[in-house]
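# Next comes the sequence, and after it the predicted model I'd like to discuss.
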Amino acid sequence: MGLTFDVIPSRIEEITDPELLPEEVVKSLSGQKAVSVAEHETDAVIVAADTLVVHSGDILGQPSDEKEAVAMLQKLSGTSHYVHTGVTILRTDRAGRIERRVQFCERTKVMFAALSSYEIEMYVRSGSPLDKAGAYGIQDDQGAVFVSGIEGDFYNVVGLPVHRFYQHMKEMAPEMLIKARTSHD
């Protein structure tokens, strides 16, 4: 989209109510992240996202270690799961108050091929799965080969549903999109 941005870590403790549905969890976490950053940013558009993998009703966040990454990949092997990404867009005024807020969740179905123990072991050894929900990255060279198909937004599986984000940005901050287009012409 040609947008310029700064990455500002939110520093929230990611705690949610275990009774929440996955859609509510990712929206809650993205909202907490956005509000945390908004406390220190004036006259800004803040975008925060959170992604979870849901397999047979179980939420799979980021694995805590290699052993958990192996267990997650074994669970996903030869099955399908859903990737939920919650996005919060906030606009703050010059005084730092939140003027506008948009929040949504996108869901994509991902089908995995059957994985051998060797494939899982090699992928986990690469270190890539350790910072990703569900212990894989569809954008990784190795993680991509595990995915046999998807239904929905590919970019949602990467971590930001680009089309839906763009649609909301046209409403929230159209001047940012116009500025990005004209600065690259």
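Arrived safely.
# Confirm for me that I12 is in contact with K33.
Yes - I12 is in contact with K33 according to Cβ atoms under 8 Å; the separation is 5.7 Å. (Each C-beta comes from the backbone N, C-alpha and C, glycine too.)
# got the contact list for stretch 7-26?
28-29, 32-34, 36-37, 40-41, 48-52, 54, 59, 82, 84-86, 105, 107 (Cβ atoms under 8 Å, 6 or more residues apart in numbering).
# Show me what counts as buried in it.
S10, I12, P22, E23, V25, V26 (16 or more other Cβ atoms under 10 Å).
# Out of those residues, which is nearest to F165?
Ranked by distance to F165 (Cβ to Cβ), the buried residues of stretch 7-26 are led by V26 at 13.8 Å.
# Next, the closest residue to that closest one other than its chain neighbours: secondary structure please.
Among residues not flanking V26 along the chain, G86 sits closest, at 2.9 Å (Cβ to Cβ, 6 or more residues apart in numbering). Following DSSP: H, G, I helix; E, B strand; the rest coil, the label given to G86 is strand.
# before we move on, what about the one 3 residues further on?
The local conformation at I89, judged by three-state DSSP, is strand.
# Would you enumerate the residues in contact with it?
If you count contacts by Cβ under 8 Å, 6+ apart, then I89 has A34, V45, I46, V47, R101, V102, Q103, F165, H168, M169, M172 around it.
# Emit the PyMOL select command for whichever of those residues are buried.
To isolate the buried ones among the contacts of I89 in PyMOL, judged by 16+ other Cβ under 10 Å, type:
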select buried, resi 34+45+46+47+102+103+165+168+169+172
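# any idea which of the contacts of I89 is the one closest to F112?
Among these, and counting by Cβ to Cβ, the member closest to F112 is F165, at 25.6 Å.
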